[in-house]
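**Student:** Got a sequence here, can you model it:
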Amino acid sequence: REWWSSELMPVIFLLSAMVSGIAVLILLYTFVSAVRRERIDGACMAGLVKAMWAFLMLAATMELLELVNIIYKEEEGIEAIWQLMQGPLSLSLPILQLGIGSLIPFVILTLMVAFKTSGKPLVAGACISALLIMVAVLSMRYNVVIGGQILSKSLAGLVYPQIPLFGRESIVSAAVLFACPFVVLWFLTWLLPPWEPAEPLPEGSPRKIPEASAAGGTYLQVAE
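**Tutor:** Take a look at the predicted model:
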């Protein structure tokens, strides 16, 4: 399979895993902070944004190099890949993976890094970019795995596989595997809490959550 046997595919998978890992970390950090009504550290969020921005540039560059490499070599199977891009993957590849999932978050992250965004705009921009990047990574996996199965082994045309609801390679199995890391993470955070215990407040006293810190951190506004 020309798409699967690319020399850059292992590097692309590793880089995209780093990008998606940082994106999930940003979303989980924001969600857990909102649930626990804890302060979001501005310096920590800014560092995550810069890391996600850097790995996104590397991953997008490698994906474009892979596409250019396949086109340049003009090996057997390139016509079948073009059929994929113009047919079954016409939405997931150019629009979801490259456009919505890569270009838009790249622009948002570049502006945030260039203008040193802080406070609530930093958290909002980071979460929006993280969500879009997750769309791109999911589309990339779909394009490679499902797209590779759509290509017939003889390269004579396209074959459309049927994904069952139950079974070994079914939607239910994928959903269970997708939920497993979150269950493990919940258990580990319960067993080894990554945050310091909050100081007890006098009974009946209101809890004040400031708007922002002098260091540029932001706080979630949640009513007690």
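**Student:** So residue 164 is in contact with residue 170, correct?
**Tutor:** Yes - shown here, residue 164 and residue 170 form a contact pair, counting by Cβ atoms under 8 Å, at 4.6 Å. For every residue, glycine as well, the C-beta is placed using N, CA and C.
**Student:** now the residue most central in space within the chain: how far from residue 22?
**Tutor:** Centroid-nearest residue in the chain, with Cα atoms, centre = their mean: residue 134, separated by 2.8 Å. Distance of residue 134 to residue 22, given as Cβ to Cβ, to the nearest Å: 11 Å.
**Student:** How about residue 99?
**Tutor:** Distance of residue 99 to residue 22, computed by Cβ to Cβ: 21 Å.
**Student:** between these two, which one's more packed in?
**Tutor:** Neighbours were counted for residue 99 and for residue 22 using other Cβ atoms under 10 Å; residue 22 has more, 23 against 13.
**Student:** Name the nearest residue to the more buried one, sequence neighbours excluded.
**Tutor:** residue 52 (4.3 Å; Cβ to Cβ, 6 or more residues apart in numbering).
**Student:** if we can go back for a sec, tell me the buried residues in the host helix or strand of the residue nearest to the centre of the chain?
**Tutor:** Element membership for residue 134 (DSSP states H and E) is helix 120-141. Residues of helix 120-141 classed as buried: 122-123, 125-127, 129-130, 132-137, 139-141 (neighbour count, 16 or more other Cβ atoms under 10 Å).
**Student:** Which one of the residues you listed is nearest to residue 67?
**Tutor:** residue 140 (11.9 Å; Cβ to Cβ).
**Student:** contacting residues for that closest one?
**Tutor:** Contact partners of residue 140, counting by Cβ atoms under 8 Å, 6 or more residues apart in numbering, are 12, 16, 63, 97.
**Student:** Around the third one, how many other residues sit close by?
**Tutor:** A total of 23 residues lie near residue 63 under the criterion other Cβ under 10 Å.
**Student:** Since that was my last question, I'll sign off now.
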